[in-house]
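# I would like to see how this sequence folds:
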Amino acid sequence: ATVRVVHIWQRRDGSPITSDKIVKAATYHSLLQALQPITEISATAGVRLPVMPVVQTYADGRFTLHGVGRDRLADVLVRAPRLEMAVLHVRSQRGDVIKFRTGSGQDDVFYPCEFTRVLGPSTPIEGQIVDAASKQPIAGVLVRPRADDPPNRWLPDQELWAKTNADGRYRLEGLPIGRNVLEIVPPANSPCIPQWFLFPTHFSPAPAVANVTLAHGTRVRGRATDARTGRPVRGLVEYFAFTNNRALAGVVDAKRPGNLLNAGIRSDENGLFSIAVLPGPGIVAFRADHQAEFLWGEGADRITGKKWEDNDRFSTAPMECGPEFYHLLTPVDPAPGAESLVLNLTLRSIVTVTGKVLSPKGKTLRDYSMFDADGVPGSKTAWYREPDETFEIKVHSPTERHRLLFYDRPLNLAGFYELIGEPAGPIEIKLQAAGKIVGRLVDGRGKPLPEVTLVISTRVPHQENARAKADTNAIHRSQIHADDQGR
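Residues are numbered from 1 along each chain as shown. Prediction:
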């Protein structure tokens, strides 16, 4: 067998990776939060460079690795003909095997520096991949196990995979016996649709056969740009087909469980992207790399496709499409037989407007109260204290309005500013002496109303008093009250 170290880890604080710290972490993923890699696989000109020299096991299966270092954790990749490929988590300490049961039903296992691991058998998978429309073989198709599938979740990228040759044929070796999820990814610029399917393997001296027919779709090409700056936007592009799209029936054989595959298409440094979609109704969704710079869910209100009854997510494949996970959603509906479609994606980045609050004499203030009456949900839509000399407001469109209220309680100063769109530069608001409202509350018969709380609101109230009170924002409610005479 071939034994190769793919990662070496140490704790971020420099302390040893001891057994009790592994037990406390409970899972490999949790443990990684406290670790940092000191060496890892890199690629130069397509050549993968080993972290440490690759070693071969002896006739009795034994091997020795030198140079991992003391009190560290190594991810060790083991592969051999007709055996399953495996990644072993090995700590450079003596002790016992530490094992945890994960939610997927698989174990996270941490081995000591001396251990025995039994590798299971593997049956190779062979097959041919053809285009459903032309019936011609497709060269350059990537066949790989799904990375998040439990049997293969720790395998490094591009370790267990195969590509079809000119005849569309491939051979994949190293999968464990049992349930396997395979991903079929056509080459770039192919109109064929990526898919995944479930393919169980059984121990056999002969290879298992998995022939695949890929649905022929439409290649959508376009560019993602920021309308405010004109710059290209890098990000993830994904395709969703509505569940009532008839073309879905031709994606996978009904006898073989599977579905569409979002293969991680990305826009490049120029914002350009290309993705295959099915004919019929669907959605192209885009999530920018710099997520905080754009609003979520833009365009979802212009999509009329089917939704789930209990939420705002669209009924789509390979999974439901949630607008809250994407910055821009765009409907697509290519005609059958269309080879290509141009679809440019236009986003608009959020502008951060800065400002200062001044006293009547021009002194910069801080520790005042501020309220944005038109802020989007989840932003500063309630009174809050601004501790710094500079405040920030997020502006999402050139016509957006923000009514800003300010109150400095110790100095009894107040101010109002209406911000529309993006100003040319930082803004300044000069406060004035706050006024006082004095009045008397009475009922329809002129009787005073005691112990009534008054609420100052910038919002239009509902007709029902109870609902109006729930939808308003109070300015220091404790200061506004009525005495026993309603004053």
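# so for this structure, the centremost residue is which one?
Centroid-nearest residue in the chain: Phe325, 6.7 Å away (criterion: CA atoms, centre = their mean).
# residues contacting that residue?
Residues near Phe325 by CB atoms under 8 Å, 6 or more residues apart in numbering: 285, 287, 296. Just so you know, the C-beta spots here come from the backbone N, C-alpha and C atoms, and that holds for glycine as well.
# in PyMOL, how would I select just the buried ones from the residues you listed?
Per 16 or more other CB atoms under 10 Å, the buried members of those correspond to this PyMOL selection:
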select buried, resi 285+287
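# and which of the contacts of Phe325 is nearest to Thr225?
Arg287 (15.2 Å; CB to CB).
# which SS class is that closest one?
Following DSSP: H, G, I helix; E, B strand; the rest coil, Arg287 is assigned to strand.
# pretty sure Ala132 contacts Ala215?
Yes - counting by CB atoms under 8 Å, Ala215 is a contact partner of Ala132 at 5.2 Å.
# which one of the two has more residues nearby?
Between Ala132 and Ala215, Ala215 has the larger neighbour count (other CB atoms under 10 Å), namely 22 against 15.
# and for that one, nearest residue in space, chain neighbours not counted?
Sequence neighbours aside, Ile193 is the residue nearest to Ala215 in space, at 4.5 Å (criterion: CB to CB, 6 or more residues apart in numbering).
# that neighbour: neighbour count?
Ile193, neighbours per other CB under 10 Å, totals 27.
# adjust the sequence numbering to begin at 667 for everything that follows.
Sounds good: first residue 667 from here, last item Ile859.
# thinking again about what came up before, which neighbours do Ala798 and Ala881 have in common?
858, 916.
# tell me how far Pro871 lies from Thr789.
Separation of Pro871 from Thr789 (CB to CB, to the nearest Å): 9 Å.
# out of the two, which sits in the busier spot?
Neighbour count, other CB under 10 Å: between Pro871 and Thr789, Thr789 has more, with 18 against 6.
# contacting residues for the closest residue to that one other than its chain neighbours?
Once flanking residues are discounted, Thr789 sits nearest to Thr867: 4.8 Å by CB to CB, 6+ apart. Shown in contact with Thr867 (CB under 8 Å, 6+ apart): 788-789, 791, 841-844, 846, 874.
# show me what Thr867 is bridged to.
With DSSP bridges as the criterion, Thr867 is bridged to Gly844.
# quick check: pLDDT value at it.
Note on Thr867: pLDDT of 90.
# tell me, how many residues neighbour Asp774?
21.
# how about the contacts made by it?
Counting by CB under 8 Å, 6+ apart, Asp774 touches 693-694, 755, 765-766, 768.
# do that again at 7 Å, thanks
693-694, 766, 768 (CB atoms under 7 Å, 6 or more residues apart in numbering).
# and it, that one's in a helix?
No - Asp774 sits outside any helix when classified using three-state DSSP, being strand.
# what about it, distance to Asp686?
Taking CB to CB, one finds Asp774 at 16 Å from Asp686.
# same question for Val1061.
51 Å.
# the two: which has the busier surroundings?
Val1061 (19 against 8).
# identify the bridge partners of that one.
Beta-bridge partners of Val1061, as defined by DSSP bridges: Val1017.
# tell me the contacts of it?
1016-1017, 1019, 1087-1088.
# which of those residues sit farthest apart?
Farthest pair in the contacts of Val1061 (CB to CB) is Ile1016 and Gly1087. Separation: 12.8 Å.
# and Met1036, what is it in contact with?
Contacts of Met1036 by CB under 7 Å, 6+ apart are 1050, 1052, 1057, 1070, 1072.
# quick one, grab the pLDDT at it.
If you check Met1036, the pLDDT there is 92.
# identify the bridge partners of it.
The partner residues for Met1036, given DSSP bridges, come to Tyr1050, Phe1072.
# which residue is the nearest non-sequential neighbour of Trp962?
Excluding its sequence neighbours, the residue lying closest to Trp962 (CB to CB, 6+ apart) is Glu990, at 5.6 Å.
# burial measure for Arg845, as a count.
12.
# what do you get for Gly680?
Residues near Gly680, counting by other CB under 10 Å, number 8.
# where does it land in three-state SS?
Strictly by three-state DSSP, Gly680 counts as coil.
# which parts of the stretch 867-1016 of the chain are strands?
874-875, 878-880, 884-892, 901-908, 924-926, 931-932, 938-943, 948-954, 982-983, 994-998, 1006-1008, 1011-1013 (DSSP state E, counting those that start in this stretch).
# reformat those strands as TSV; add distance to Lys973 and mean pLDDT.
Below are the strands of the stretch 867-1016 of the chain laid out as TSV (distance: least, CB to CB, whole Å; pLDDT from 0 to 100):
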stretch	distance to Lys973	mean pLDDT
strand 874-875	40	95
strand 878-880	29	93
strand 884-892	23	97
strand 901-908	10	96
strand 924-926	19	85
strand 931-932	24	95
strand 938-943	20	97
strand 948-954	12	98
strand 982-983	10	92
strand 994-998	12	98
strand 1006-1008	24	96
strand 1011-1013	22	97
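# and these as CSV, adding distance to Thr723?
Below are the strands of the stretch 867-1016 of the chain laid out as CSV (distance: least, CB to CB, whole Å):
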stretch, distance to Thr723
strand 874-875, 26
strand 878-880, 35
strand 884-892, 47
strand 901-908, 41
strand 924-926, 36
strand 931-932, 39
strand 938-943, 43
strand 948-954, 44
strand 982-983, 44
strand 994-998, 52
strand 1006-1008, 51
strand 1011-1013, 51
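# so who does Leu927 touch?
849, 860-862, 984.
# test my guess that Ala1080 contacts Ile1095.
No - the criterion here is CB atoms under 7 Å, and Ala1080 misses it with Ile1095 at 10.4 Å.
# please enumerate the shared neighbours of these two.
Here Ala1080 and Ile1095 have Phe1072 as joint contacts, going by CB under 7 Å, 6+ apart.
# Glu904 is in contact with Asn928, correct?
Yes - the pair Asn928 / Glu904 is scored as a contact, 4.5 Å apart, by CB under 7 Å.
# residue ranges with poor pLDDT in the stretch 1017-1153 of the chain?
1042-1047, 1121-1153 (pLDDT under 70).
# where along it do the strands fall?
Taking DSSP E, counting those that start in this stretch, the strands of the stretch 1017-1153 of the chain run over residues 1017-1024, 1034-1038, 1050-1052, 1057-1061, 1067-1074, 1079-1086, 1093-1096, 1098-1099.
# which one of Asn928 and Glu904 has more residues nearby?
Shown here are Asn928 and Glu904; by other CB under 10 Å, Glu904 has more neighbours (20 against 16).
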